[in-house]
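Colleague: After the sequence you'll find the predicted model.
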Amino acid sequence: MKITKVESFILHIPLNPPITDAINAPTHWGLPGVRIFTDEGITGYGFTGTCANGDEMIADTIDRYYAPVLLGKDPFMVKEIWDELRFGKMHWIGRAGITHMALAAVDIALWDIMSKAANKPLWQYLGGHKSKKIKAYNTNGGWLNWPKERLLKDITSFVEQGFTGVKMKVGKPDSREDYDRVKAVRKAIGDDITLMIDVNQMWNINTAMTWGKKLEEFDLYWLEEPLNPDDILGHKKLADALNVPIALGEHVYSKYAFRDYIHQGAVEYVQVDVTRVGGITEWLQVAGLAASYDLPIVPHVGEMGQIHQHLVASTQNAIMLEYIPWIRDIFIEPATVKEGCYVLPQMPGASTEIIPGCFEKFRVK
């Protein structure tokens, strides 16, 4: 099998209503990605996820620097291709961010091709571990711009739907308001539901120390991204001082950065995101690293779970998966949750193939 054509794309999916966390207020979810065509008629789809800003730079990296390298290659040589792109012309100026997210999109498309060629869903192609379902937790009702009444209504509705875990955003200018909202949510959902909170990097170390301690009384499952994601030492201080475990990984871009977080004891739930590290190839390496420390994987879903459902289902130390249904309706086989659990995909591939009509409807020309 040989690669015959490489074509980038950008899709912008409207969010209705728009949401906010402590640092982002997107109106659309961006899917800059790639279609890779082969001489055997198999097409691979890969993409990353953004707040619909800077997508043209990811697409341009694919077209200008990665596509010429890919043409004529055997997609089954995915690890060799990964090294060639990672250490190619863009290495000097970008070992994270734009170039790494472009690499993720390419790598995901290659794994999509390989699992399609094997006539297996990706989770089976990788070697399955969970054959029936994956526990899901719901993030889609805990937004920072929701007034408390809507926050409570949405989160309690998820519990009624069968979710046994929910996550809410914190990071208000006045942390006393965060405290009040978390207290209200815990009272509304009871003690048996898993509750996580996500700061989205908004706190400094003093705020995190003070309010992390205060919020411990609500039996939190984890405290997510409390500090700047490059501050490994600060996260280690928090992990040592707080009884609430630290979760992060959404903005960690390489296995080396995860290695340093893990070795320092600065992370306790590893949220490695396949769209931020260099795709499936590097994601698997991070998962193996975490396993050697007996740390659980719970991915952040930059692609809204389409690919991660396969990775969690094939990874022994992956324990559950976030659910945000913003873009599921554009896929031929959308990520589906029933009674609080992901239903495993059955179609060959990585669940990345987009319905043609949706592809054209949401494509940014």
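Modeller: Perfect, I can see it now.

Colleague: and the lengthiest helix in the chain, which residues are buried?
Modeller: Ranked by residue count and defined by DSSP state H, the top helix of the chain is helix 98-117. Of the residues in helix 98-117, 98-117 count as buried by neighbour count, 16 or more other C-beta atoms under 10 Å. To be clear about C-beta, it is placed using only N, CA and C from the backbone, and glycine gets the same treatment.

Colleague: Which residues does the helix or strand following it contact?
Modeller: Toward the C-terminus, helix 98-117 is succeeded by helix 122-125 as the next helix or strand (DSSP states H and E). With contacts defined as C-beta atoms under 8 Å, 6 or more residues apart in numbering, helix 122-125 is touched by 111-112, 114-115, 118, 130, 280, 307, 309-311, 313-314, 344-345, 349-351.

Colleague: on that earlier part again, tell me what the longest helix of the chain is packed against?
Modeller: Counting contacts by 3 or more C-beta pairs under 8 Å, 6 or more residues apart in numbering; DSSP states H and E, helix 98-117 is packed against strand 28-38, strand 43-47, helix 55-61, helix 78-86, helix 122-125, helix 279-292.

Colleague: Deepest-packed of those, please.
Modeller: Highest mean neighbour count among the helices and strands packed on helix 98-117 (mean count of other C-beta atoms under 10 Å): strand 43-47, with a mean of 26.

Colleague: What residues does the spatially most central residue of the chain make contact with?
Modeller: Centroid-nearest residue in the chain, with C-alpha atoms, centre = their mean: residue 301, separated by 2.4 Å. The neighbours of residue 301, taking C-beta under 8 Å, 6+ apart as the test, are 49, 273, 308, 321, 322, 323, 324.

Colleague: I'd like the list of the residues you listed that fall within helices, please.
Modeller: residue 308.

Colleague: Just the closest of the contacts of residue 301 to residue 247, please.
Modeller: residue 322 (10.7 Å; C-beta to C-beta).

Colleague: The closest one touches residue 299, doesn't it?
Modeller: Yes. If you go by C-beta atoms under 8 Å, residue 322 and residue 299 touch, sitting 7.0 Å apart.

Colleague: Please identify which of these two sits among more neighbours.
Modeller: When residue 322 and residue 299 are compared for neighbours, residue 299 comes out ahead with 29 against 22, by other C-beta atoms under 10 Å.

Colleague: so what's that one closest to, chain neighbours aside?
Modeller: residue 308 (4.5 Å; C-beta to C-beta, 6 or more residues apart in numbering).

Colleague: Touching, the one you found and residue 274? I think so.
Modeller: Yes. With contact defined as C-beta under 8 Å, residue 308 and residue 274 form a contacting pair (6.2 Å).

Colleague: count of neighbours near residue 361?
Modeller: Neighbour tally, residue 361, other C-beta under 10 Å: 11.

Colleague: Name the helix or strand for it, please.
Modeller: Using DSSP H and E, residue 361 sits in helix 356-362.

Colleague: buried residues in that helix?
Modeller: Across helix 356-362, burial judged by 16+ other C-beta under 10 Å covers 358, 359, 362.
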